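[1] kindly return the folded structure for what I paste below:
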Amino acid sequence: VGYSDWLSDWNVGNLFRTTVTSADGVSTFHQPMIVFYLLDPAWDADAGFLSGFYLPALLLGLGALIYRRSWAVVCLLLSWWLLPTIFYSGTPYQAHRFVLTYLPALAIFVGIGVATAVDLAINAMRARPMAVRWGLSFASVALLLATGVGAFQGQRSARSWVATHAAFKTEEQSVILLARRASRATPVSAPPHVVSFGATSAIYHYTQWPVLDLYNHDQADIARFLQGPGPRLVVLPEESISTQWASTPLAVRWQWVRDHYALDKQGVAGMYTVYTVEDRP
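    Numbers count the residues shown, from 1 in each chain. Predicted structure coming up:
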């Protein structure tokens with residue numbers, strides 16, 4: 001998606017929607033856009049954000065800044081958090097990478113909260129009366145323990161994301177292996193010409209074959225591309241095109257390919273289907 005398409009899809013009405021429409025088709029999410037961008041980063045460690053156990057430290061950090069009347073820092077951090085949140089909530093995309101824009105602001109609040117808790121624990125040793133001493137000590141230790149649990153949860157989430165990306169790599173390798181087998185099913189020795197969607201970058205990276213992305217080229221481009229010598233393949237997430245991408249130019253192009261060429265299904269690897277392509281008689 002180009003930047004012009006991305007910006008043209010921005011709509012203030014998206015903030016509270018779970019189903020949104022963009023150049024990428026129709027997408028339905030589990031929660032409204034504003035919830036994903038405003039609240040999830042502060043407590044959804046499973047999604048790769050901060051842990052909910054950081055919330056006491058985050059709130060203490062904000063409270064400490066307000067207590068010290070550090071208004072410039074408060075305004076900086078809140079604007080760093082809230083302005084991108086509102087902007088991204090108006091887009092039709094829930095992308096974790098966008099949150100990286102302002103996640104450091106939340107981490108700074110947490111860091112200030114931890115430092116404040118340590119300071120309170122030290123000062124508690126000199127506090128009078130005894131009830132205040134024990135109260136401050138207990139609250140500080142509880143907050144630091146919660147932050148430690150959050151850190152443990154965060155590193156567990158990081159390992160889970162690494163495993164997820166490793167699974168993506170495994171799927172890519174399966175797609176490449178299936179495409180190589182399909183290309184050898186024809187007697188022509190020239191490099192295969194591949195019409196692809198979704199796996200385009202991976203196919204080109206691992207094979208250096210000529211690849212045409214179905215999203216970026218119209219029917220005339222596809223016809224010219226498939227006139228080249230050598231085996232001809234189509235690799236795409238067929239189910240996704242019939243659901244998320246239904247009624248989009250991408251779906252129209254895929255239907256055109258099916259109508260104008262004879263496709264022989266070679267197999268499925270993950271979400272991707274591989275076809276060999278022949279001219280219709």
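[2] just the pLDDT for the closest residue in space to Q219 that isn't next to it in sequence.
    Spatial nearest neighbour of Q219, chain neighbours left out: W256 (5.0 Å); criterion: Cβ to Cβ, 6 or more residues apart in numbering. Glycine gets a C-beta too; all of them are placed from N, C-alpha and C. At W256, the pLDDT value in this model is 96.
[3] how many neighbours does W256 have?
    Neighbourhood size, W256 [other Cβ atoms under 10 Å]: 14.
[4] tell me which residues of the helix or strand harbouring A220 are tucked away?
    If you go by DSSP states H and E, A220 is part of helix 219-225. In terms of neighbour count (16 or more other Cβ atoms under 10 Å), helix 219-225 has its buried residues at 222, 225.
[5] now swap in stretch 71-88 and tell me
    The neighbour-count check on stretch 71-88 (16+ other Cβ under 10 Å) flags 77, 80-81, 84-85, 88 as buried.
[6] stretch 95-103 now?
    For stretch 95-103, a neighbour-count test (16+ other Cβ under 10 Å) marks 98-99, 101-103 as buried.
[7] nearest to R156, of the residues you listed?
    R156 lies nearest to L103 out of these, by Cβ to Cβ, at 17.8 Å.
[8] what residues are up against the closest one?
    41, 49-50 (Cβ atoms under 8 Å, 6 or more residues apart in numbering).
[9] so can I have a markdown table of these showing secondary structure and pLDDT?
    Output for the contacts of L103, formatted as a markdown table (DSSP: H, G, I helix; E, B strand; the rest coil; pLDDT from 0 to 100):
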| residue | secondary structure | pLDDT |
| --- | --- | --- |
| P41 | helix | 92 |
| F49 | coil | 88 |
| L50 | coil | 91 |
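[10] adding distance to T200 and neighbour count as columns, could you present those residues in TSV?
    Output for these, formatted as TSV (distance: Cβ to Cβ, whole Å; neighbours: other Cβ atoms under 10 Å):
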residue	distance to T200	neighbour count
P41	31	22
F49	29	22
L50	34	26
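[11] pick the one among those closest to A64.
    L50 (18.0 Å).
[12] from L120, how far out is the closest one?
    In this structure, L50 and L120 are 22 Å apart, going by Cβ to Cβ, to the nearest Å.
[13] dump the contacts of L103 to a markdown table, plus distance to G113.
    Shown next, in a markdown table, are the contacts of L103 (distance: Cβ to Cβ, whole Å):
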| residue | distance to G113 |
| --- | --- |
| P41 | 16 |
| F49 | 17 |
| L50 | 12 |
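[14] okay, buried residues for stretch 150-165 please.
    Neighbour-count burial for stretch 150-165, counted by 16+ other Cβ under 10 Å, picks out 150, 153-154, 157.
[15] mind giving me JSON lines with these and columns for pLDDT and distance to R280?
    Formatted as JSON lines, the buried residues of stretch 150-165 follow (pLDDT from 0 to 100; distance: Cβ to Cβ, whole Å):
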{"residue": "G150", "pLDDT": "91", "distance to R280": "60"}
{"residue": "Q153", "pLDDT": "88", "distance to R280": "56"}
{"residue": "G154", "pLDDT": "86", "distance to R280": "55"}
{"residue": "S157", "pLDDT": "81", "distance to R280": "50"}
